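J.: pasting the sequence and the predicted model now:
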Amino acid sequence: MVPAAIRKQRIALAILFVLIIAMIFISAGWGYSSLGYKRLLPVLFGDGSRKEEFVLFTIRLPRIFITLLAGIGLALSGAILQRVTRNDLADPGIIGINAGAGLGVAIFFLYSPIEPGNFAYLLTAVAFFSAMLTAFLIYLFSYRKGEGLNPVRLVLVGVGFSLSISGIMTVLITSVAERDKVDFIAKWLAGNIWGTDWLYIWALLPWLLLLIPFTLIKANQLNMLELSEPVAVGIGLPVQKERIWLMVAAVALAASSVAVTGGISFIGLMAPHIARALVGPRNQLSLPIAMLIGGLLLLTADTLGRNMADPSGIPAGIVAAFIGAPYFVYLLLKKTA
């Protein structure tokens, strides 16, 4: 790799680390509970009241780490999907994968006799299998023999699946009489961060610890998959095998992330594009940048959302969509022009 590109990546990584630490500090001290910035470090090191410790360690820090980790997972999932499908518009939220995961979560939650906090680890598995089925169907309807995977058709089919699943979710909500379960699904659909406990961090973390190294190891294969299929086959890449494994990784990253955060879109769309604009198209350089950008974007969206209105705030998914939807339209117009 070019030394100048590596130097650019290191500078970007350093800046992003600083921005993430700054946003963690802002998010930890900003809220409706009485815990100001001057008290953060004393409370963090054990010199705080019981109320201050509860606010920091039970309410704010788990939510901060959940949004940070989920943003990393969604950004990496989007980056993989964009490379594998050779489609700059691919995002797990836009093409229906997140909606598929949400449908599985909704059905399991509505019709199982247990509370959400009691099935955190099982929840990510349910979301994964539901999202995998959705991704398989989207791929099946988007693929044409002799033509391969058409990028625009993939987006259109994915949007269609997402809308259909949203309709099914609405039917499920209206058929359930229990108010707390209806509220849960409604919040999930809006992207309201709900898994705000340390338990959900431990439920999400194993997926990231497994799939982030796997994806980074496969960075060069992702580079080759961006070439035309005949060229990739010609240089010895088992295209279908690599595509399937990487698609499974992308689906697992998205499903495990949204299982604990709710329906978040556009993070996986924006972060890879920003990363490539900063350090270029090589995945060895852009993937780590995209992950940090994704974590920063979702953490910022949640921090702004929960402090912009009354104590219930605005869901992070709505804030992310407010930023990401115009960007999606811009990319769509650019691609079809």
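T.: Nice, thanks for sending it over. Because the structure is predicted, anything quoted here is derived from the model rather than measured.
J.: residues in contact with whichever strand or helix holds residue 334?
T.: If you go by DSSP states H and E, residue 334 is part of helix 316-336. With contact meaning C-beta atoms under 8 Å, 6 or more residues apart in numbering, helix 316-336 is reached by 67, 88-89, 91, 94, 151-152, 155, 190-193, 261-267, 269-270, 273, 297-298, 301-302, 304-306, 308. (C-beta placed from N, C-alpha, C; glycine too.)
J.: please report how far the residue nearest to residue 295 when sequence neighbours are not counted lies from residue 50.
T.: Sequence neighbours aside, residue 71 is the residue nearest to residue 295 in space, at 4.0 Å (criterion: C-beta to C-beta, 6 or more residues apart in numbering). According to C-beta to C-beta, to the nearest Å, residue 71 stands 31 Å off from residue 50.
J.: so for the two, which sits in the more crowded spot?
T.: residue 71 (31 against 7; other C-beta atoms under 10 Å).
J.: hang on, isn't the more buried one packed against residue 267?
T.: Yes - with contact defined as C-beta atoms under 8 Å, residue 71 and residue 267 form a contacting pair (5.6 Å).
J.: any common contacting residues for the two?
T.: Both residue 71 and residue 267 are contacted by 294, 297-298, under the criterion C-beta under 8 Å, 6+ apart.
J.: one step back: can you flag which of the contacts of helix 316-336 belong to helices?
T.: Taking DSSP state H, the ones among the contacts of helix 316-336 that sit in helices are 67, 151-152, 155, 190, 261, 267, 269-270, 273, 297-298, 301-302, 304-306, 308.
J.: just the buried ones from these?
T.: Buried subset of the ones in helices among the contacts of helix 316-336 (neighbour count, 16 or more other C-beta atoms under 10 Å): 67, 151, 155, 190, 261, 267, 269-270, 273, 297-298, 301-302, 304-306.
J.: closest to residue 167 among those residues?
T.: Comparing those against residue 167 with C-beta to C-beta places residue 190 closest, at 16.1 Å.
J.: just the helices in the stretch 1-150 of the chain please.
T.: 3-29, 40-44, 50-53, 61-84, 97-111, 120-142 (DSSP state H, counting those that start in this stretch).
J.: could you pull out the buried residues of stretch 240-248?
T.: By 16+ other C-beta under 10 Å, the buried positions in stretch 240-248 come out as 242-243, 246-248.
J.: what separation do you get for residue 259 and residue 76?
T.: In this view, residue 259 and residue 76 are 16 Å apart by C-beta to C-beta.
J.: need the contact list for the residue positioned nearest the centre of the chain.
T.: Closest residue to the average C-alpha location of the chain: residue 74 at 2.2 Å, with C-alpha atoms, centre = their mean. Going by C-beta under 8 Å, 6+ apart, residue 74 touches 92-93, 253-254, 257-258, 264, 267-268, 271, 294, 298.
J.: please repeat the previous calculation with a cut-off of 7 Å.
T.: 92, 254, 257, 264, 267-268, 294, 298 (C-beta atoms under 7 Å, 6 or more residues apart in numbering).
J.: among the buried residues of stretch 240-248, which lie within helices?
T.: Per DSSP H, helices hold the following members of the buried residues of stretch 240-248: 242-243, 246-248.
J.: want to throw those into a markdown table with pLDDT and distance to residue 326?
T.: Rendered in a markdown table, the data for those read as follows (pLDDT from 0 to 100; distance: C-beta to C-beta, whole Å):
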| residue | pLDDT | distance to residue 326 |
| --- | --- | --- |
| 242 | 85 | 33 |
| 243 | 84 | 31 |
| 246 | 91 | 29 |
| 247 | 88 | 28 |
| 248 | 90 | 31 |
